[in-house]
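Undergrad: Sharing a model prediction with you, sequence too.
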Amino acid sequence: MSSEMQIDFNNCHIGRPPVVGLYGISGSGKTFVLEALKCALGTDHILVEGSEVISKLVDGGLRGFHGLEETQKKAVRELALRTIQADCLNDRKVGVVAGHFMLWSDVQDAGFSVWTQQDVDTYSHIIYLNPPPETISHRRRHDAAKQRPEITVDKLRQWQAEEESQLRITCYRRGIVYTSVREDSPLAEVTSLLELFLHRGQESHRREAEVQLDHFIMPSAKNLVSALVLDADKTLSAADSGHLFWEHVHHRNLFQTQDDYLKVIFAGPLGYTSAAFLQVALLYEELVTLNVFDDICTDIASQISLYPDVAALLLRLRKDQKTGTLVVTAGLRRVWEQVLDRYGLLDTVKIIGSGPIRDAHVITARVKANLVAHLQRSYHLHVAAVGDSVLDLEMFAQADRAVVIVGDKKTRSHRMEKELAAAIARGRVSASQALLSSASSPRLNTGLLPLIDLNGPKFDAYILRGSPFPLLNTIDFTDTHAAKILATPMRDASNKGPALRDAHWQTGRYLAQTSLPDLLGIEEYMICHVQGHNVPGHRIAQQNKILIVALMRGGEPMAMGVSEILPSASFLHARKPEDLTSEILEGRSAVILVDSVVNSGQTIACFIDHLTSLNPAVRIIVMAGVVQVEATARIEGLCTPKRSRSVDLVTLRISHNKFTGHGGTDTGNRLYLTENLK
C-alpha cells in the first residue's frame, strides 16, 4: 500500500478516525507484521503495540501493570486506547494497533477476555492473524526475544478457536469490520486489507461496478434503446442464494458456530451499508482460502430454478437487439452465473454481483441505483428495473419503469411492504407488480401497484419501451356466454320489481366474483374442513379496507350482489359525490362505485374527480351492468399520467345504443316500480 495515498477520514463507516486492530493469540505474528508495516508505511500511520502504550502509562512499565488489580488493569487498558484514538484524531492519521482479546490462564486452563467497551468504541476494523497452532507453537519455542510459557498445541488450538469465534461475533454485533487471515506469512494479505479498508469506500465500489458495466454494454451500445436491470435472489427465482449458501456452511460447520452471520451483520450497527456488504465479501474471501467456496456455489446453483415467467422473459429477450439485460445483485455472482448458464442465458444476460472481495463487487442499494443512472446518462437508455426487496427501492426510484416481483406471501420480505408503501406515498417510487407464485397475493393493492404480466404485450410496450400506459383498464364481458344469460332477465320488459332486483343482484355478484380476485388479490385464512381438520381457505384480500358505494338509486341491487362477495367491506349509499367525505375514505385502499347503467358517464366522472381530490392514491373500480361507449371515453379522459389517476371499469355489457330510459323504461323505475309516483 502506498503511504502517499490520501485517506478520507469521512469515508470511515463509524464516523471517526479509523483504527485497525491487529489481533491473534500470542505467537501468531502480530509484532513481526507490525514492524514490517512500520518500514512499509513510514510515519503516515500510527503503528503501535497496545502493550507499549500501557507500559508508558504505569509506573514500572509492564511489570508494574501486571501487579495491578483487574479493575485497575481495565482502567489502564481503556486509557491506552483513548490515548491512541486521540493521537489519530489530532494527527489525522490511521492507527494500527497490535492487541489482545483473550489471554490464557494456566490456573483455569482456559482463555479469558480482556476486551473493554473502549475497545468497541475505538476499533473500526479488526484483522485476526490465524495461522495453524503448530506454526504458533514453533514460533513460541524459538522466539529468543520473548520468554513465553509452554502451552501444548491442543491448548493453543483451543485458545485460538475460542478467541477467534468470540472476537468475530463481537465485531459483527458491534459494527466492527472483521476478517481472519490464515496464511503463515500474512504481511502481503494484511497490507492488501489495509488498502481495502482505508482507501476503498462507497465511491470506489460504485466506480468499480461502472467499469464492469461499461465492459458489458459498450460492444452493443449503439444498437440499444432500453435496458432491463434485474435483482437476482427472490427476483429471478424464489430461492435466496445467500440463505442457501450459509445453510450449507453451517451444515459443514466451517466456522464452528450455529450463528447466522448474515443476519447478525445486517441486524447490527452496520445495517445495509457499504461496510456491511464489505464484511460479507470478506467472509466469502475466508471460504476461498479454505478451498470450499467454489464447491458450495456449484452445489447451491444446482438447487435453484428460475421462475418460469422470468425464464420465458429472458429467453424471449435474447432475440431483442434493442434491449440489454443485466442482473445486478448483492447475492452471489458465481451462483447466478451457473444458474443462467444452465438455462443457456449467460451469453445475453450479464451479471454484476457480490462474492469474495478479490473477484466480485460490493453491491449496495446505492450502487444499484448508480448503475441505473449510468445507463441513463452515459448511454441514454430507457431503463426498467425489476426487484423484490428494500434494497431495490433506490433502483426503482432512479429507473424509468419499475416492477416489483411478488412471490409466496410466507417467504417474501414483510419489511418491503411498509417501506414500499412509504416510498409510493412520498412520490419516490411508481411501479407495477408481477405475481410469480401460485401462493402469491398482491403487495399493497393493485391500485398503488398495478398488475403486469412479464410476458404480456403491456410489458414490452410500457415497461421496456416506455410507451404510455393505458390507465383505463376495461374488463368487458359483453361477448361471453355468461353475460348473455345474465343480461337476458335484465333486458326482459316483463321483469320488474323484486325479479329485476334479483337479476341485478346476480349480475353484481358475478362481476365481483369474476373480476375482483385478479384486481385486488386474494389472501389465505383458516377454515374447518368438512372432515374436521383446519385447512387454508381463500378470500379477496384486505376487504376491511374496501368501500362499496351504491350510486342511488339504480346501483343498490347490484351493489348488494358485490357486497356478498366482499362481506367485510363497508357499504355506503351515495346520491352525490359529497356523500363521500375524507373521514369515510381514511384508511381505504379501494372504492367500488356500483351503478346499474352508465349512460353519458357524467355522474361517474364527478365521483372520480371528487375521490381523486380527497385521496389521489385510492383505487377506483367502476362496476356496472351496462356502460354506453361514450361513457368509456369520458372516464378515460380522466385517466392521464398528469392526473395520476387510473380506473378499472368492470361491466357486463358495453352498449352502442344511445337510448336513455324514461318513465316505465327507466331502470330505477323498473327496479322499484316507482314510475307512477309523483
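TA: That came through fine.
Undergrad: For burial, what's the neighbour tally of residue 376?
TA: 16 (other Cβ atoms under 10 Å). (Glycine included, C-beta is placed from N, CA and C.)
Undergrad: Okay, it and residue 150: tell me how far apart.
TA: 66 Å (Cβ to Cβ, to the nearest Å).
Undergrad: now residue 104
TA: Distance from residue 104 to residue 150, by Cβ to Cβ: 11 Å.
Undergrad: Do I have it right that residue 608 meets residue 649?
TA: No - Residue 608 is beyond contact range of residue 649, at 10.5 Å (criterion: Cβ atoms under 8 Å).
Undergrad: Show me whatever sits in contact with both of the two.
TA: 622, 635 (Cβ atoms under 8 Å, 6 or more residues apart in numbering).
Undergrad: Relative to residue 280, how far out is the residue nearest to residue 260 when sequence neighbours are not counted?
TA: Nearest in space to residue 260, with sequence neighbours left out and distances taken as Cβ to Cβ, 6 or more residues apart in numbering, is residue 246 at 6.5 Å. Distance, residue 246 to residue 280, using Cβ to Cβ: 10 Å.
Undergrad: Which residues are in contact with each of these two?
TA: By Cβ under 8 Å, 6+ apart, the residues touching both residue 246 and residue 280 are residue 262.
Undergrad: Please give the number of neighbouring residues around residue 520.
TA: Residue 520 has 27 nearby residues by other Cβ under 10 Å.
Undergrad: scratch that, residue 581 is what I was asking about
TA: The burial count for residue 581: 10, using other Cβ under 10 Å.
Undergrad: Would you quantify the distance from it to residue 315?
TA: 51 Å.
Undergrad: so how far is the strand or helix carrying residue 64 from its chain's centroid?
TA: Using DSSP states H and E, residue 64 maps to helix 61-66. Distance of helix 61-66 from the chain centroid (Cα atoms, centre = their mean, to the nearest Å) equals 53 Å.
Undergrad: outside of it, which residues touch it?
TA: Contacts of helix 61-66 (Cβ under 8 Å, 6+ apart): 51, 54-55, 58, 73, 76.
Undergrad: Specify which member of the residues you listed is nearest to residue 259.
TA: residue 73 (29.5 Å; Cβ to Cβ).
Undergrad: give me every residue that touches the closest one.
TA: 65, 114.
Undergrad: Please tell me the pLDDT value assigned to it.
TA: pLDDT, residue 73: 86.
Undergrad: same thing with residue 304?
TA: Residue 304 is assigned 95 on the pLDDT scale.
Undergrad: my read: it touches residue 341, true?
TA: No - at 11.9 Å, residue 304 and residue 341 do not qualify as touching, with contact defined as Cβ under 8 Å.
Undergrad: re earlier: within the helices and strands, which one has the residue nearest to residue 260?
TA: Using DSSP H and E, residue 246 falls within helix 241-251.
Undergrad: List the buried residues for that helix?
TA: 241-246, 248-249 (16 or more other Cβ atoms under 10 Å).
Undergrad: okay, it in CSV with CA atoms only?
TA: Extracted in CSV, the C-alpha atoms of helix 241-251 (Å, rounded to 0.1, in the frame of the first residue of the first chain):
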residue,chain,number,x,y,z
SER,A,241,-28.7,-17.9,-2.8
GLY,A,242,-27.2,-16.3,0.3
HIS,A,243,-29.6,-18.2,2.6
LEU,A,244,-28.9,-21.5,0.9
PHE,A,245,-25.1,-20.8,0.9
TRP,A,246,-24.9,-20.2,4.7
GLU,A,247,-27.2,-23.2,5.4
HIS,A,248,-24.5,-25.2,3.6
VAL,A,249,-21.7,-23.5,5.5
HIS,A,250,-23.4,-24.3,8.9
HIS,A,251,-24.2,-27.8,7.8
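Undergrad: what sits up against the following helix or strand past that helix?
TA: Next along the chain after helix 241-251, taking DSSP H and E as the criterion, comes helix 261-267. Contacts to helix 261-267, defined as Cβ under 8 Å, 6+ apart, come from residues 169, 172-173, 242-243, 246, 255, 272, 276, 279-280, 283.
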